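Asks: sequence first, then the predicted structure:
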Amino acid sequence: MSNQNILSVKPLDFPWKTQDPFLFCAHHADFYPKANDQMGPDVSLAGRNLGSDFTIKDGFRMYHGKEIPGFPSHPHRGFETVTIAKTGLVDHSDSLGGAGRFGEGDVQWMTAGKGVQHSEMFPLLDTENENPFELFQIWLNLSKANKMVDPHYKMLWHEDIPVISKKDSNGKVSKINVVAGNFESAKALDLAPNSWAKNPSNHVAIWTIEMEAGAEFTLPATSAEANRTLYFYEGDDLTIEDSSISNYHSIEVKSDSDISLKAGNEKCFLLMLQGKPLNEPVAQYGPFVMNTQAEIQQAMMDYQQTQFGGWPWPSHDNVHDKRKGRFASQDGKLTERS
C-alpha cells in the first residue's frame with residue numbers, strides 16, 4: 001500500500017484485531033428465524049455444538065446459549081466492555097443485581113474493574129417474522145491505576161447518542177454516530193468515571209459511520225499519539241485517499257492527517273476505533289485482563305472464592321419478561337425507554 005496515510009490493510013477475521021488501548025472487537029451479525037414462546041429460535045437446533053456454537057448454520061449462531069442465543073453468566077476483571085446493539089435486543093443481568101434490555105442502536109458501557117459477572121442473552125421476541133441481529137462488542141483496556149476500581153454499568157440510549165450528518169458537494173450524506181469522543185460540534189455522552197475514554201487527552205473515539213453510495217467524507221485529523229483503525233464491514237468498495245479497499249477489511253491510518261473516504265456503488269458501513277495507547281504490559285487469560293501473570297492468578301483465585309458477588313438470578317442464561325421494553329435497573333434506580 002503506497003499511500004503514506006494508510007499504515008496497513010488486513011482482512012477481518014473473528015474476532016477483529018485491535019490496537020492499544022483496545023483489546024479486541026467482536027462483530028455479531030445473525031439472521032435468527034421467528035421466535036418460539038421461550039424467546040429462542042423456532043427451528044430445530046439439532047446438529048449444533050450447543051454451548052459453544054460459533055459456526056454460522058442456517059444464517060445464525062447460538063454462541064454459548066443452549067435455548068436462547070447469547071452468553072450466559074461469565075466473569076470479567078480489569079477492562080471495560082462497550083456493547084453497541086445495532087439491531088435486535090440484548091438482555092443484561094449481572095452479579096451486582098443490575099439488569100437491562102437494550103437494542104436498536106443503544107450502547108452499554110460496562111467497567112468490570114475489580115470483578116463482575118454478567119450475562120448477555122439475545123431474546124427473540126417476534127414470533128411471526130425473522131429476528132435479525134447485529135452487535136459490536138469492544139473491549140477497552142483499563143489503566144493499571146484503575147484495574148481494581150468498583151464495577152460500573154451505564155446505558156447510552158440511542159435517542160441520546162449524538163449523530164452528525166455530513167453532506168458532500170454532490171448532496172450525498174454520511175452519518176456519524178459519536179459513541180465516544182467528539183466530532184465537530186458533537187460531544188459524546190458522559191462515560192464511565194474510570195474509563196480511559198473519560199480523559200479527553202487520551203483521544204479515545206468510537207464512531208459508527210454510514211455513507212450513502214458515492215458519498216465523500218473526510219475523517220478529521222487528531223493527535224499523533226493516537227492509534228486509529230477503520231473497520232469496513234459492509235459495502236462493495238471504499239476508496240481511502242486514492243486506494244481502493246474491498247469489503248471486510250481493517251485499515252490502520254495515520255491519526256494526525258485528514259483522511260478522505262469515498263463510498264462505492266453501495267452504502268458503506270464502518271466502525272472507527274481510536275485512542276492513545278496505554279503502553280502498559282497486558283496479561284490476559286480469557287475474561288481477565290491484568291498487567292502481570294501473578295495478577296491473573298489472583299483474579300482466578302478471587303473469582304473461585306467470591307464469584308464476584310455471586311449470581312442473584314434464577315438461571316445463568318437469564319432473560320427478562322418478553323413484554324418488557326428497553327430498560328436499565330441499577331442500584332435501585334429504574335430507567336425505562338419505549
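Replies: That came through fine.

Asks: quick check: Asn291 vs Arg228, distance?
Replies: 24 Å (Cβ to Cβ, to the nearest Å). All C-beta spots, glycine's among them, are computed from the backbone N, C-alpha and C.

Asks: what stretches of the protein score poorly on pLDDT?
Replies: Within the chain, the stretches with pLDDT under 70 are 1-2.

Asks: and the helices in it?
Replies: For the chain, the helices defined by DSSP state H cover 293-306.

Asks: with adjacent residues omitted, what lies nearest to Gly113?
Replies: Among residues not flanking Gly113 along the chain, Val149 sits closest, at 4.2 Å (Cβ to Cβ, 6 or more residues apart in numbering).

Asks: quick one, what contacts that neighbour?
Replies: Val149 sits next to 111, 113-114, 142, 194 when contact means Cβ atoms under 8 Å, 6 or more residues apart in numbering.

Asks: can you check Glu128 too?
Replies: Applying Cβ under 8 Å, 6+ apart, the residues near Glu128 are Lys34.

Asks: please apply the same query to Thr83.
Replies: Residues counted as contacts of Thr83 (Cβ under 8 Å, 6+ apart) are 90, 107-110, 120, 135-138.

Asks: out of these, which sit inside strands?
Replies: Here DSSP state E is the test, and the contacts of Thr83 give 90, 107-110, 120, 135-138 as lying in strands.

Asks: distance to Gln307 and neighbour count for those residues - can I get that in a markdown table?
Replies: Below are the ones in strands among the contacts of Thr83 laid out as a markdown table (distance: Cβ to Cβ, whole Å; neighbours: other Cβ atoms under 10 Å):
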| residue | distance to Gln307 | neighbour count |
| --- | --- | --- |
| Val90 | 22 | 23 |
| Val107 | 27 | 26 |
| Gln108 | 22 | 21 |
| Trp109 | 23 | 25 |
| Met110 | 17 | 23 |
| Glu120 | 18 | 26 |
| Leu135 | 26 | 21 |
| Phe136 | 28 | 23 |
| Gln137 | 22 | 19 |
| Ile138 | 26 | 25 |
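
Asks: let me know the closest of the residues you listed to His27.
Replies: Phe136 (5.7 Å; Cβ to Cβ).

Asks: separation between the closest residue in space to that closest one that isn't next to it in sequence and Ala215?
Replies: Distances taken as Cβ to Cβ, 6+ apart place Ile84 nearest to Phe136, at 4.3 Å, with adjacent residues excluded. From Ile84 over to Ala215 the distance is 21 Å, taken as Cβ to Cβ.

Asks: same check, this time on Val253
Replies: In terms of Cβ to Cβ, Val253 sits 18 Å off from Ala215.

Asks: ok, the contacts of Val149 vs Gln307, which is closest?
Replies: Within the contacts of Val149, proximity to Gln307 (Cβ to Cβ) peaks at Lys114, which comes in at 13.2 Å.

Asks: chain neighbours aside, what residue packs nearest to the closest one?
Replies: Nearest to Lys114 is Met148, by Cβ to Cβ, 6+ apart, at 4.3 Å.

Asks: give me the neighbour count for the residue nearest to Leu334 when sequence neighbours are not counted.
Replies: Using Cβ to Cβ, 6+ apart and skipping residues adjacent in sequence, the residue nearest Leu334 is Phe327, 6.6 Å away. Phe327 has 16 neighbours, counted by other Cβ atoms under 10 Å.

Asks: looking at strand pairing, list the partners for Phe327.
Replies: Arg101, Glu336 (DSSP bridges).

Asks: quick one: contacts for it?
Replies: Phe327 neighbours (Cβ under 8 Å, 6+ apart): 99-101, 320, 334-337.

Asks: Ala188 too?
Replies: Residues near Ala188 by Cβ under 8 Å, 6+ apart: 161-162, 178-182.

Asks: wait, Thr55 sits on Asn49?
Replies: Yes. Applying Cβ atoms under 8 Å, one finds Thr55 in contact with Asn49, separated by 7.5 Å.

Asks: picking that back up, which of the ones in strands among the contacts of Thr83 sits closest to Ser223?
Replies: Nearest to Ser223 out of the ones in strands among the contacts of Thr83 is Ile138 (Cβ to Cβ; 20.1 Å).

Asks: the nearest residue to that closest one once chain neighbours are set aside pairs with what?
Replies: Using Cβ to Cβ, 6+ apart and skipping residues adjacent in sequence, the residue nearest Ile138 is Val82, 4.3 Å away. For Val82, the beta-bridge partners are Trp109, Ile138 (DSSP bridges).

Asks: give me the number of residues near Val82?
Replies: A count of nearby residues for Val82, using other Cβ under 10 Å, gives 24.

Asks: my read: it touches Val179, true?
Replies: Yes. If you go by Cβ under 8 Å, Val82 and Val179 touch, sitting 7.1 Å apart.

Asks: shared neighbours of those two, anything?
Replies: Listed as contacting both Val82 and Val179 by Cβ under 8 Å, 6+ apart are 107, 206.

Asks: relative to Glu336, how far out is the residue nearest to Ile138?
Replies: 22 Å.

Asks: show me what contacts Gly113?
Replies: Counting by Cβ under 8 Å, 6+ apart, Gly113 touches 77-78, 142, 146-152, 194.

Asks: could you tell me which of these belong to strands?
Replies: Per DSSP E, those map to strands at His152.
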